[in-house]
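A.B. asks: Sharing a model that was predicted from the sequence below.
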Amino acid sequence: MFEASADQLKTWDGLRRKDSASYASHEVAEGKAKLEFTGTDLQKLDLEVRLDARFINPAQEAKALREALDAGEPRTLVLGGSPLGRYVLEQVSEQVRNTDGQGRILVSRLQLRFKEYN
């Protein structure tokens, strides 16, 4: 399960949801092509997560997300306690914001991209 909520102490923001449709184009003699609706595309979600060492280990959390990415397995995505459906983690980008004197990560922000799985 992918989960981000106050209970999990991972603060998320900047949720972007992308929905789109697909169309086939059919050429017509001596006229404009005709479009045919073929269905909706799989939904994509972009999410930013803040990891803070006061509550969790940011390095371990980022590692766990990269392992989920490598596994490629669909999981239920839960935000704020509400399940959104089954998604795969498609991309993880990490930006380390603060470290201590020994190089341990104190705060990092992760950009996560999920794709709907059906």
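C.D. replies: Good, I have the coordinates.
A.B. asks: contacts and neighbour counts: CA atoms only from here.
C.D. replies: OK.
A.B. asks: so what strands line up beside the longest strand seen in the chain?
C.D. replies: Looking across the chain with DSSP state E, the single longest strand is strand 82-99. Using DSSP bridges, the strands paired with strand 82-99 in its sheet are strand 75-79 (antiparallel), strand 105-116 (antiparallel).
A.B. asks: for the ones you listed, which one sits closest to residue 38?
C.D. replies: Residue 38 sits nearest to strand 105-116 of all these, at 17.7 Å, using CA to CA.
A.B. asks: what residues does that closest one touch?
C.D. replies: For strand 105-116, contacts defined as CA atoms under 8 Å, 6 or more residues apart in numbering pick out 42-54, 57-59, 62, 85-100.
A.B. asks: which stretch in the strands paired with strand 82-99 is the model least sure about?
C.D. replies: Among those, strand 75-79 carries the lowest mean pLDDT, at a mean of 87.
A.B. asks: Which strand residues bridge the residue lying closest to residue 74 once chain neighbours are set aside?
C.D. replies: Leaving aside its sequence neighbours, residue 74 sits nearest to residue 88 (CA to CA, 6 or more residues apart in numbering; 4.6 Å). Beta-bridge pairing for residue 88 (DSSP bridges): residue 115.
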